[in-house]
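Trainee: what's the 3D shape of this:
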Amino acid sequence: MKNFRNNVSRLIIIVVISHLFSVQGTAQEEVGHFTVRQAGIVSTIIPFVNPVSAVDFYNYHNFVAHTGLEEAGTAVIFLYREAVTGQLSLFMILSKKGGEAGAASVTFAGIPANAAFLVRDDLIAWVPDLFEISPPTAAITWAWCEGFADGMVLGPLGDEFEITLSPQFSAGITRAIFLFGDIDHPQTIELDLIDPVIIRGTLNFPSGVSVDISPSIPLVDREVTFDATATYDRDGDIVKYEWDLDGDRIFDIITKDPVVTHIYPTSGIITATLRVHDPLGEVTYYSFPVEISEITIRAIRSISTREILPEALFGVTVTIETNIDLVGVRLEENLPRNWRIQPVENGEVTFNEATRQWFLPDLIPAGTSKVIAYEVMLPKRHFLVPLALPNTFMIDGLLHVDVPAMEAEIGGDQEILVTNALSIRTAISKLIPRPTVKERDVLDFRLNQLIEPHQLARAKEMWKAQRESSAPVGR
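Mentor: Here you go, the predicted model:
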């Protein structure tokens, strides 16, 4: 019976403690909002929550910490909340047992009035570490031998504070990180080793920041609109918007209007930041990337053949691609003398034969392409200029745009060889095999350069027949 009662008592204690931790863990989501800021980049964090005290979690013995979060050559920083008391502390652990020798110092500003060093690693007579604190400032100097490490715990912090750490790592530290979230599976924020680290806690929850960018693909020298209308705050309307749109960490635009515009002179990826102020004075940072693209307007010509016979017909396509809206587009093609253009159906595109220009619809939307196709008939041999064959002829052209006002040369294929004797590859790729033995094979230069199996089969038949007809009699 005694054992039974003891077991029941233990079970009740376990249930009560589990419930207490559960309630505390739930409350943690509602108590305070915490951020880490360095060099203008702000990240929201969640302190670790654990049942044991901060001192017990640091577990200082044999001159080093034993939290399980230590990393060799790394400064590990995190906030720690004791689940039972709710007390919040700041940890900074430098390297780990077995690491290299090192030295570091850090100054603190903004320390809460009741805070103190709960753990001083190491504060013993023969170690030259120095801990000084007089809120709101403090300073620490560490030095540790090979195989050892250093660190500290500062607390209690309360839930409203803004502490600035200015570190100087002289030796033994090559990386700095801030950990947060689930203590068993922490998330990591990479810090640099130079800039101050600002850790902030507030009971006033931040604004929910949202920024829409238009157009979706911002372009060089074109106006970009940033719309933060969807930003909200539980305490009322946003009272001020501050924008750093060029990524220089200076908030150039300060306004009550949630919509602003900016023009970027060069392409690249910019980290922009919006800083919003709520009615209670809470400031929320929101950083986001803006990728600025070059304006690309291209017209590429594709010619169906690289060599051709006089009096033959070939095909041309010009593909226009743009990442900006185009208005008033004209395509002008310049062909050799006596070469005649035969328009084909191109939807709403119209062709002016006198000027050899195609006029496109009023608008070609950004992110779309337009294809213009036409055919060209070569004159008879004695009308070609120059007359000598084989000879290479050129096709060139221009793309004219009214808005934005510009002209661009048409790229892609330009040259075509006019000859009296085709290469074998061209002849086969343009071959349309005769459907019956009574009909003739045909060459169609509008076909592409690929050789199809049926074309190759017919070419082999022709080669075999020619070989047999040219064989000496009697053999």
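Trainee: May I have the beta-bridge partners of Thr107?
Mentor: Ala139, Ser166 (DSSP bridges).
Trainee: er, Phe314 I mean
Mentor: In this entry, Phe314 is beta-bridged to Val376, Phe445, by DSSP bridges.
Trainee: Renumber starting at 33 from here on
Mentor: Got it, first residue is 33 now, which makes that one Phe346.
Trainee: Surely it is in contact with Ile340?
Mentor: Yes - between Phe346 and Ile340 there is a contact at 5.6 Å, judged by C-beta atoms under 8 Å. C-beta: built from backbone N, CA, C; applies to glycine.
Trainee: what is in contact with these two at once?
Mentor: Contact with both Phe346 and Ile340 is made by residues 410, 448, 477, according to C-beta atoms under 8 Å, 6 or more residues apart in numbering.
Trainee: what's near enough to touch Phe258?
Mentor: Contacts of Phe258 (C-beta under 8 Å, 6+ apart): 243-245, 275, 277, 291-294, 304, 306.
Trainee: which ones are touching Leu206?
Mentor: Actually, residue 206 is Thr. It isn't Leu. Thr206 is in contact with 105-106, 225, counting by C-beta under 8 Å, 6+ apart.
Trainee: With Pro218 instead?
Mentor: Contacts of Pro218 (C-beta under 8 Å, 6+ apart): 80, 101, 110, 211-212.
Trainee: State the pair within those that is farthest apart.
Mentor: The most widely separated members of these are Leu101 and Phe212, with 11.2 Å between them, by C-beta to C-beta.
Trainee: list the residues that contact both of those two?
Mentor: 110, 218.
Trainee: Downstream of the worst-scoring helix or strand of the chain on mean pLDDT, the next helix or strand is which one?
Mentor: Of all helical and strand segments in the chain, the minimum by mean pLDDT, DSSP states H and E falls on helix 34-60, at a mean of 38. Sequence-wise, the next helix or strand downstream of helix 34-60 (DSSP states H and E) is strand 65-70.
Trainee: which stretch of helix or strand covers Lys496?
Mentor: helix 485-501.
Trainee: hang on, the earlier thing: so can I have a markdown table of the contacts of Phe258 showing secondary structure, pLDDT and distance to Phe391?
Mentor: As requested, the contacts of Phe258 are arranged in a markdown table below (DSSP: H, G, I helix; E, B strand; the rest coil; pLDDT from 0 to 100; distance: C-beta to C-beta, whole Å):
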| residue | secondary structure | pLDDT | distance to Phe391 |
| --- | --- | --- | --- |
| Val243 | coil | 97 | 40 |
| Asp244 | strand | 96 | 36 |
| Ile245 | strand | 96 | 34 |
| Trp275 | strand | 97 | 42 |
| Leu277 | coil | 96 | 39 |
| Val291 | strand | 97 | 37 |
| Val292 | strand | 97 | 38 |
| Thr293 | strand | 97 | 33 |
| His294 | strand | 96 | 35 |
| Ala304 | strand | 96 | 40 |
| Leu306 | strand | 96 | 44 |
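Trainee: in this structure, what spans have low per-residue confidence?
Mentor: 33-63, 157, 503-507 (pLDDT under 70).
Trainee: Just give the closest residue to Leu186, not the sequence neighbours.
Mentor: Excluding the flanking residues, the one nearest Leu186 by C-beta to C-beta, 6 or more residues apart in numbering is Leu122, at 4.5 Å.
Trainee: mind listing what that neighbour touches?
Mentor: 109-112, 185-187, 189, 195, 231.
Trainee: Just the buried ones among those residues, please.
Mentor: 109-112, 185-187, 189, 195, 231 (16 or more other C-beta atoms under 10 Å).
Trainee: ok so, going back, for ChimeraX, what selects the buried ones among the contacts of Phe258?
Mentor: ChimeraX command restricting the contacts of Phe258 to the buried ones, with burial defined by 16+ other C-beta under 10 Å:
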select :243,245,275,277,292,294,304,306
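Trainee: what's the closest of the contacts of Phe258 to Thr354?
Mentor: Among those, and counting by C-beta to C-beta, the member closest to Thr354 is Ile245, at 19.5 Å.
Trainee: Secondary structure element holding the closest residue to that closest one other than its chain neighbours?
Mentor: Spatially, and ignoring its direct neighbours in sequence, Ile245 is nearest to Phe258 (6.0 Å; C-beta to C-beta, 6+ apart). Phe258 belongs to strand 255-259 when assigned by DSSP H and E.
Trainee: Can you point out the buried residues in that strand?
Mentor: In strand 255-259, counting by 16+ other C-beta under 10 Å, buried: 256, 258.
Trainee: Can you give the strand pairings for that strand, parallel or anti for each?
Mentor: Using DSSP bridges, strand 255-259 pairs in its sheet with strand 244-246 (antiparallel), strand 291-295 (antiparallel).
Trainee: Would you mind putting those strands into TSV with distance to Glu364 alongside?
Mentor: Listed next are the strands paired with strand 255-259 as TSV, based on distance: least, C-beta to C-beta, whole Å:
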stretch	distance to Glu364
strand 244-246	33
strand 291-295	31
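Trainee: returning to that earlier point: rebuild the contacts of Thr206 as a markdown table, extending it with neighbour count, secondary structure and distance to Ile329.
Mentor: As requested, the contacts of Thr206 are arranged in a markdown table below (neighbours: other C-beta atoms under 10 Å; DSSP: H, G, I helix; E, B strand; the rest coil; distance: C-beta to C-beta, whole Å):
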| residue | neighbour count | secondary structure | distance to Ile329 |
| --- | --- | --- | --- |
| Gly105 | 16 | coil | 51 |
| Thr106 | 20 | strand | 50 |
| Leu225 | 13 | coil | 45 |
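Trainee: of those, closest to Ala453?
Mentor: Taking C-beta to C-beta as the measure, Leu225 is the one of these closest to Ala453, at 72.7 Å.
Trainee: wait, isn't that closest one in contact with Ser202?
Mentor: No - contact criterion C-beta under 8 Å: Leu225 and Ser202 do not qualify, at 10.7 Å.
Trainee: Just the terminal-to-terminal distance for stretch 243-251.
Mentor: Taking C-alpha to C-alpha, to the nearest Å, the first and last residues of stretch 243-251 lie 18 Å apart.
Trainee: Distance from the chain centre to it, please.
Mentor: In terms of C-alpha atoms, centre = their mean, to the nearest Å, the gap separating the centre of stretch 243-251 from the centre of its chain is 14 Å.
Trainee: Contacts made by it with the rest, please.
Mentor: 254, 256-263, 296, 306, 318, 320, 322-327, 355-356, 398-399.
Trainee: now stretch 100-108
Mentor: Residues outside stretch 100-108 that contact it (C-beta under 8 Å, 6+ apart) are 96, 110, 123-132, 134, 136, 181, 199, 201, 204-209, 211, 218, 223, 225.
Trainee: Show me where the stretch 83-232 of the chain has its strands.
Mentor: Ranges of strands in the stretch 83-232 of the chain, per DSSP state E, counting those that start in this stretch, are 106-114, 120-126, 134-141, 148-153, 162-166, 169-176, 182-187, 193-203, 207-214, 217-223, 229-234.
Trainee: ok, the second one: who's next to it in the sheet?
Mentor: Strands flanking strand 120-126 in the sheet, each with its direction: strand 106-114 (antiparallel), strand 182-187 (antiparallel) (DSSP bridges).
Trainee: same question, the last one
Mentor: Using DSSP bridges, the neighbouring strands of strand 229-234 in the sheet come out as strand 65-70 (antiparallel), strand 193-203 (antiparallel).
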